[in-house]
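Colleague: what follows is a protein structure lacking sequence information:
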């Protein structure tokens with residue numbers, strides 16, 4: 001049904017790597033060499049999601065500045081996961097929620113131990129959902145979070161996908177590239193995102209992007225699907241080509257269950273399995289709160305271990 005045509009992985013120990021060449025910008029197609037900045041100017045994956053090693057040489061400074069707005073929206077959309085997971089962006093681990101808002105999640109380090117501080121302005125009785133066992137409590141923690149523009153967050157994912165696209169496929173995505181050049185341009189009335197997560201706590205220090213392409217034409221499945229994972233979160237979108245998706249409906253679910261592997265310093269790999277995807281529509285230009293209204297915390301009072309499960313916003 002599908003074949004893998006591109007994949008890039010970034011780990012905590014990864015050395016700097018560069019994609020593309022500075023012959024022209026793959027997004028706006030300028031060939032003016034003065035439009036390109038330092039080699040580490042354009043991050044292939046957002047720096048705010050932990051990428052400090054993979055860069056795109058074929059992205060000019062002007063496009064990079066435009067895309068920073070989209071990447072900021074994507075980071076805000078999954079802010080609680082970044083805070084709880086301790087993902088270090090450009091300015092360290094981000095705080096979720098403004099200090100004066102009804103709920104705030106902060107990350108800090110106490111020596112070699114990570115510390116998560118959660119403050120919610122709700123009566124304590126509403127925080128405790130149940131006592132599962134004598135030593136296990138279950139809390140529901142509301143999250144006000146940050147406002148983000150869904151269309152911008154979608155364009156951040158689209159930009160990542162186009163950054164990985166092989167040169168011989170770029171000509172099929174002229175409309176997609178044009179949509180990145182103006183903030184208010186959207187390709188379709190519904191822009192579906194499949195969102196999944198893995199265990200939340202210490203986020204796996206790995207990022208990855210992959211493109212899978214269908215093997216046959218004359219079918220109603222998307223020609224290309226892009227999958228991107230960063231720490232505890234994973235996204236998938238369908239890339240609607242200009243010429244290969246005539247039979248494909250613009251709506252539909254993205255249901256790939258994605259697995260990854262984390263290299264272990266002592267040898268071997270730790271498997272990472274993401275959840276069944278939530279289906280989100282990120283076509284709106286209207287700012288809204290990030291997609292998760294609360295987290296359920298199961299806390300063992302004896303071991304102090306906890307398990308966090310996100311609750312999607314209605």
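Modeller: Nice, thanks for sending it over. Predicted model, so just to flag it, every value in this text is computed and none were measured.

Colleague: ok, residues contacting stretch 251-261?
Modeller: 190, 192-194, 196, 204, 206, 208, 225, 227, 229, 234, 236-238, 269-277, 279 (CB atoms under 8 Å, 6 or more residues apart in numbering). In short, each C-beta sits where N, CA and C put it, glycine included.

Colleague: mind listing the helices for this structure?
Modeller: 61-77, 79-85, 124-127, 150-164, 174-181 (DSSP state H).

Colleague: who touches the second one?
Modeller: In this case it means helix 79-85. Under CB under 8 Å, 6+ apart, the answer for helix 79-85 is 48-49, 75, 87, 89, 93-97, 105-107, 116, 143, 145-146, 197, 200-203, 231-233, 290, 292, 295, 308, 310.

Colleague: show the buried residues in these.
Modeller: 48-49, 75, 87, 89, 93-97, 105-107, 116, 143, 145-146, 197, 200-201, 203, 231-233, 290, 292, 295, 308, 310 (16 or more other CB atoms under 10 Å).

Colleague: can you lay out the helices of the chain as JSON lines showing distance to residue 27 and mean pLDDT?
Modeller: Converted to JSON lines, the helices of the chain look like this (distance: least, CB to CB, whole Å; pLDDT from 0 to 100):
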{"stretch": "helix 61-77", "distance to residue 27": "5", "mean pLDDT": "96"}
{"stretch": "helix 79-85", "distance to residue 27": "26", "mean pLDDT": "84"}
{"stretch": "helix 124-127", "distance to residue 27": "46", "mean pLDDT": "48"}
{"stretch": "helix 150-164", "distance to residue 27": "7", "mean pLDDT": "98"}
{"stretch": "helix 174-181", "distance to residue 27": "6", "mean pLDDT": "96"}
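
Colleague: what would those look like in a markdown table with distance to residue 9?
Modeller: Compiled in a markdown table, those are given as follows (distance: least, CB to CB, whole Å):
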| stretch | distance to residue 9 |
| --- | --- |
| helix 61-77 | 19 |
| helix 79-85 | 18 |
| helix 124-127 | 39 |
| helix 150-164 | 11 |
| helix 174-181 | 24 |
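
Colleague: okay, those helices, which one's buried deepest?
Modeller: helix 79-85 (a mean of 26; mean count of other CB atoms under 10 Å).

Colleague: gap between it and the chain center?
Modeller: Centroid separation between helix 79-85 and its chain, computed with CA atoms, centre = their mean, to the nearest Å, is 11 Å.

Colleague: and what of stretch 257-270?
Modeller: 19 Å.

Colleague: what about residue 229, distance to residue 294?
Modeller: 23 Å (CB to CB, to the nearest Å).

Colleague: who's more crowded, the two?
Modeller: residue 229 (26 against 19; other CB atoms under 10 Å).

Colleague: before we move on, back to that, and the helices of the chain: which comes nearest residue 44?
Modeller: helix 150-164 (4.9 Å; CB to CB).

Colleague: output the contacting helices and strands for that closest one.
Modeller: If you count contacts as 3 or more CB pairs under 8 Å, 6 or more residues apart in numbering; DSSP states H and E, helix 150-164 packs onto strand 2-11, helix 61-77, helix 174-181, strand 192-197, strand 206-214, strand 224-230, strand 233-239.

Colleague: 7 Å instead, please
Modeller: Where contact means 3 or more CB pairs under 7 Å, 6 or more residues apart in numbering; DSSP states H and E, helix 150-164 is packed against helix 61-77, helix 174-181, strand 206-214, strand 224-230, strand 233-239.

Colleague: what about the first one, distance to the chain center?
Modeller: In this case it means helix 61-77. Relative to its chain's centre, helix 61-77 lies at 12 Å (CA atoms, centre = their mean).

Colleague: identify all contacting residues around it.
Modeller: Outside helix 61-77, the residues that touch it by CB atoms under 7 Å, 6 or more residues apart in numbering are 25, 27-28, 35-37, 41-42, 46, 48-49, 82, 89, 94, 146, 148-149, 152-153, 155-157, 159, 180-181, 183, 290-291.

Colleague: run the last query once more with 8 Å
Modeller: Contacts for helix 61-77 (CB under 8 Å, 6+ apart): 25, 27-28, 30, 35-37, 41-42, 46-49, 59, 82, 89, 94, 145-150, 152-153, 155-157, 159, 180-181, 183, 290-291.

Colleague: again with the third one
Modeller: By CB under 8 Å, 6+ apart, the list of residues contacting strand 206-214 from outside reads 1-12, 44-45, 49-51, 54, 160-161, 163-165, 169, 221-231, 239, 260, 262-263, 272.

Colleague: that one: how far from the chain's middle?
Modeller: 12 Å.

Colleague: direction included, what does that strand pair up with?
Modeller: strand 2-11 (antiparallel), strand 224-230 (antiparallel) (DSSP bridges).

Colleague: now the longest one against helix 150-164, angle please.
Modeller: Think strand 2-11. Between strand 2-11 and helix 150-164, the angle comes out at 100 degrees (axes from the mean of the first three to the mean of the last three CA atoms, to 10 degrees).
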